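Peer 1: can you look at this prediction? I've put the sequence above it.
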Amino acid sequence: MPNEMTFPFQEINIVLKDGSRFSLQGAVLNSALQYIPTQGYPPLVKTLKEFTKETHNPPNWDNYETLLTNGSQDGISKSLEMIVQEGDSVLVQNPLYTGTEIILKPYKVNLIGIEQDKYGIIPKKLVDALENCKAKYTEEGGGKMPKVLYINPTGSNPTGITMSTERRRKSTRSAASTYHPRR
């Protein structure tokens, strides 16, 4: 973190289009000029965590961290970089968002496209792809099962498809039963 004494500003005055004005100075100005933690601006992260808990009350929410990104591309990149290694297989919706393809390209992954219809990925096609991967997989390392399924179920890019709740459930159940047949 840079030493705040090195900042060349004493005060910044801001005038908005509606004519309202405000100024930043002292600790507020120093905070605005400083790097922020990787997770995002702490007061905003705190507010979003509280809002999510109050609105949705997800299970075990207190055990999760929240990370703000600069946009969807940044979020996709960070997520895939944490999961994917060179040579992995990745299940993707077909057609695939070109931005995701660009992120995955340096990893030389095996992209396994899952066909879509007007309701999103087709569960039977997902099962077929997983069965095909499972047939090639051996405990001795003769193949790799896919690590991740990348889909954009709401307003998919490039198709604009939004998967119905039932299609999402069916795809999840189909994949889980294929991947873990004893369940």
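Peer 2: Perfect, I can see it now. Numbers count the residues shown, from 1 in each chain.

Peer 1: contacts for stretch 65-80, please.
Peer 2: 38-41, 44-45, 48-49, 52, 99-100, 103-104, 148, 150 (C-beta atoms under 8 Å, 6 or more residues apart in numbering). C-beta coordinates here come from the backbone N, C-alpha and C atoms, glycine included.

Peer 1: list the buried ones in that stretch?
Peer 2: 76, 77, 80 (16 or more other C-beta atoms under 10 Å).

Peer 1: what does stretch 83-90 give?
Peer 2: 84, 88, 89, 90.

Peer 1: what pLDDT does the second one get?
Peer 2: So that's residue 88. Predicted confidence (pLDDT) for residue 88: 92.

Peer 1: how near is residue 14 to residue 32?
Peer 2: The spacing between residue 14 and residue 32, counted by C-beta to C-beta, to the nearest Å, is 11 Å.

Peer 1: whoops, I mixed them up, residue 94
Peer 2: For residue 94 relative to residue 32 (C-beta to C-beta), the value is 44 Å.

Peer 1: coming back round to it: closest one of the buried residues of stretch 65-80 to residue 24?
Peer 2: residue 77 (31.3 Å; C-beta to C-beta).

Peer 1: am I right that that closest one sits in a helix?
Peer 2: Yes. According to DSSP: H, G, I helix; E, B strand; the rest coil, the state of residue 77 is that of a helix.

Peer 1: still on that earlier bit, what do residue 14 and residue 32 both touch?
Peer 2: residue 24.

Peer 1: higher neighbour count, these two?
Peer 2: Set residue 14 next to residue 32 and count neighbours by other C-beta atoms under 10 Å: residue 32 wins out with 14 against 9.

Peer 1: A helix includes the more buried one, no?
Peer 2: Yes. Counting by three-state DSSP, residue 32 is part of a helix.
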